[in-house]
Structure formats: C-alpha cells, structure tokens
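Asker: Structure of the sequence below:
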Amino acid sequence: MGLSSTDAAAQSKKPAYVRIAGAIREQIKSGALQADDPVPSAAAICEQYEVSMITAKSALNLLRTEGLVYGIAGKGTFVAQNRRMVRTAPHRYFQSNDRTYVQEAERAGLTPEARHETQVMAATESVAQRLEVAAGEHVMATRYRIFAGGRPMSMSTSWEPLTITGGTEIEHPHQGTYANSGLNARFAAIGWTIEQVEEHLIVRPPTPEETTELIIPDGVHVIEVHQTVRAIQDGTDNLVPVEAADIVFPADRNEFTYLMDRPR
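Answerer: Numbers count the residues shown, from 1 in each chain. All right, here's what the predicted structure looks like:
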C-alpha cells in the first residue's frame with residue numbers, strides 16, 4: 001500500500017538520513033533483512049540515494065543508536081540480534097505519531113502491551129512546578145505498566161494540564177480519535193507542537209513495589225526518568241509544559257542511547 005499524500009508530505013520534510021534509516025528499518029522489521037545480515041554500506045547508500053557520505057553515515061549511526069545494527073571493522077554493518085528495548089533520544093520524541101514504547105518494542109522484535117489507569121487529580125507541589133500551574137489545580141494523571149514480549153519493561157505516571165487539554169478531544173489520553181497516538185499527534189490535533197523535552201535520569205535500587213511490579217532480580221537497579229515535555233501553541237513562540245512524567249525502567253532490559261547533533 002502506498003503512502004497517502006499527507007504521509008508522503010510528512011516524509012519529505014524529514015532529513016534525508018532519517019528517511020534512509022527508516023527505509024532500512026522497515027526492511028529489518030519486515031524480515032527482509034534478518035539478524036546478522038549485512039546492510040548497505042555508507043558508500044552504497046551514497047550511490048543508491050544520491051546523498052553525501054556524512055548523510056549516509058548519519059543514517060547508519062541512527063540505526064546503530066537504536067540497537068538495530070552493529071559494525072565490524074573491515075567487514076561492514078550488520079543487523080543486530082536485539083531483545084532489549086532501546087530508548088533513543090532525541091529522535092524518539094519528534095519523528096513519529098505513534099506511542100514511543102510501541103516503536104521501541106517493535107524494533108526489538110517484541111510485542112508491546114500497555115496497561116493504564118487515568119483519573120483527574122489535584123496537582124501536587126512538585127507536579128505543579130513542572131507543569132507551571134498552581135498547586136491543587138486539576139490535572140489528568142495516567143499510571144502505566146508497559147510490557148514487551150510479556151515481560152514488564154517500565155512503570156510510570158504522567159500528568160497533563162487540564163488548562164490546555166480540558167474540553168478538547170485529547171482531554172483523556174486513551175479515548176477518542178487519538179487514543180492510540182503519541183504526544184506529537186495528540187497535541188498537534190489541538191494546535192500545539194512538541195518542541196522540547198527535558199529529562200533527569202537517576203540510577204537507584206528499586207523500591208519493594210517496583211521489584212514486585214517489574215519482576216526485578218536481586219542486584220538489578222532501575223533508571224528513573226523525570227521528564228517534562230514543552231510545546232508551542234500555533235501562532236506563538238512561548239514554550240509551555242504540556243506533560244510531566246516519572247518513568248521507572250529496570251536496567252537489565254532497557255538501554256538508553258543518545259545521538260547528539262551539533263547545534264546549527
């Protein structure tokens with residue numbers, strides 16, 4: 001099935017290296033490229049897509065940060081046997097309308113599953129500070145358990161300000177047209193564009209609840225991520241927090257990778 005005109009337009013706006021990485025990623029996901037199969041070299045990518053060497057290498061580097069490929073000096077780049085969920089930044093936040101855990105589970109060849117509970121609550125002092133609202137103001141809170149291949153991969157709680165989402169079609173994160181969509185698509189639907197994500201990572205021993213819920217073996221730590229997502233409303237240039245989240249990942253089944261481009 002071909003791309004719709006909307007999808008084709010969205011694809012054309014992506015950097016060339018992202019489009020090339022996406023094409024190779026689809027071959028891996030479809031099974032056309034299997035574990036340990038060679039992937040096109042940077043030189044072959046240059047020739048096939050008529051791009052520069054830096055673009056070709058950036059495409060391969062993106063796939064490498066996602067854990068999809070590995071390189072062997074003097075031999076080339078090959079499809080990785082990946083069973084961990086690889087959490088890439090910053091690309092995970094801005095390049096897809098899907099929920100990020102779905103992308104990450106599928107890249108690892110695992111079937112994703114999410115269990116969630118949503119309710120309106122009064123913002124605590126710490127949540128209010130991150131969302132830049134008054135303490136006690138109503139926010140939409142969602143508690144998640146994420147599984148991949150039947151194994152618990154993370155647990156989290158997110159909060160969204162009802163001053164922004166209240167009364168809109170995305171007020172409830174898991175109901176309506178955008179029930180299965182990620183932040184990009186949900187907030188774009190009400191005229192907001194995700195522009196910035198701030199994260200603080202803490203490595204620590206798990207709590208008793210986390211040990212039970214996530215089935216964490218003795219001696220395994222967790223990575224706790226405190227995340228704040230900011231967006232710009234159409235026609236403005238002011239960054240506004242639209243989500244805060246606290247996410248806990250067991251360190252034995254998740255990998256964090258950061259690809260940092262030089263600011264331009």
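Asker: switch to C-alpha atoms for all contacts and neighbour counts from now on
Answerer: Noted.
Asker: so the residue of the chain most remote from its centre, which of the three states?
Answerer: Taking C-alpha atoms, centre = their mean as the measure, the residue most remote from the mean C-alpha position of the chain is residue 74, 32.6 Å away. Judged by DSSP: H, G, I helix; E, B strand; the rest coil, the three-state class of residue 74 is coil.
Asker: If I look at it, what pLDDT would I see?
Answerer: Residue 74 carries a pLDDT value of 87.
Asker: if I look at it, how far off is residue 55?
Answerer: Taking C-alpha to C-alpha, to the nearest Å as the measure, residue 74 falls 20 Å from residue 55.
Asker: same question, residue 39
Answerer: From residue 39 to residue 55 the distance is 16 Å (C-alpha to C-alpha).
Asker: and if you look at residue 125?
Answerer: Distance from residue 125 to residue 55, by C-alpha to C-alpha: 45 Å.
Asker: out of those two, which sits in the busier spot?
Answerer: The neighbour count for residue 125 versus residue 55, taken as other C-alpha atoms under 10 Å, is higher for residue 55 (20 against 13).
Asker: Checking the spatially closest residue to that one that is not a sequence neighbour next. Helix, strand or coil?
Answerer: Nearest residue to residue 55 in three dimensions, chain neighbours excluded: residue 17, at 5.3 Å (C-alpha to C-alpha, 6 or more residues apart in numbering). Under three-state DSSP, residue 17 falls in the helix class.
Asker: For burial, what's the neighbour tally of residue 17?
Answerer: Residue 17 is flanked by 22 other residues according to other C-alpha under 10 Å.
Asker: Contact partners for it?
Answerer: Counting by C-alpha atoms under 8 Å, 6 or more residues apart in numbering, residue 17 touches 55-56, 58-59.
Asker: Tell me the spacing between it and residue 115.
Answerer: Distance of residue 17 to residue 115, computed by C-alpha to C-alpha: 34 Å.
Asker: same question, residue 13
Answerer: 34 Å.
Asker: Same check on residue 210?
Answerer: According to C-alpha to C-alpha, residue 210 stands 15 Å off from residue 115.
Asker: Ok, residue 180 next?
Answerer: From residue 180 over to residue 115 (counting by C-alpha to C-alpha), the distance is 12 Å.
Asker: Mind checking which of these two has more residues around it?
Answerer: Set residue 180 next to residue 115 and count neighbours by other C-alpha under 10 Å: residue 180 wins out with 16 against 10.
Asker: Confirm for me that that one is in contact with residue 99.
Answerer: Yes. Using C-alpha atoms under 8 Å, residue 180 is in contact with residue 99, at 7.0 Å.
Asker: can you give me the strands in the stretch 101-250 of the chain?
Answerer: 112-122, 138-148, 151-161, 192-204, 222-233, 239-250 (DSSP state E, counting those that start in this stretch).
Asker: For the ones you listed, give me a markdown table that also has distance to residue 78.
Answerer: Formatted as a markdown table, those follow (distance: least, C-alpha to C-alpha, whole Å):
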| stretch | distance to residue 78 |
| --- | --- |
| strand 112-122 | 25 |
| strand 138-148 | 24 |
| strand 151-161 | 26 |
| strand 192-204 | 31 |
| strand 222-233 | 29 |
| strand 239-250 | 27 |
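Asker: Tell me which of those strands approaches residue 51 most closely.
Answerer: Distance to residue 51, taken as C-alpha to C-alpha, is lowest for strand 192-204 among the strands of the stretch 101-250 of the chain, at 27.5 Å.
Asker: how about the closest one: buried residues?
Answerer: 192-194, 196-197 (16 or more other C-alpha atoms under 10 Å).
Asker: how far off strand 239-250 does that strand point, in degrees?
Answerer: Strand 192-204 and strand 239-250 are oriented at 40 degrees to each other (axes from the mean of the first three to the mean of the last three C-alpha atoms, to 10 degrees).
Asker: Give me the distance between strand 192-204 and the centre of its chain.
Answerer: 11 Å (C-alpha atoms, centre = their mean, to the nearest Å).
Asker: which residues touch residue 16?
Answerer: Going by C-alpha under 8 Å, 6+ apart, residue 16 touches 51, 55.
Asker: measure it to residue 257 for me?
Answerer: 21 Å.
Asker: All good on my end, thank you.
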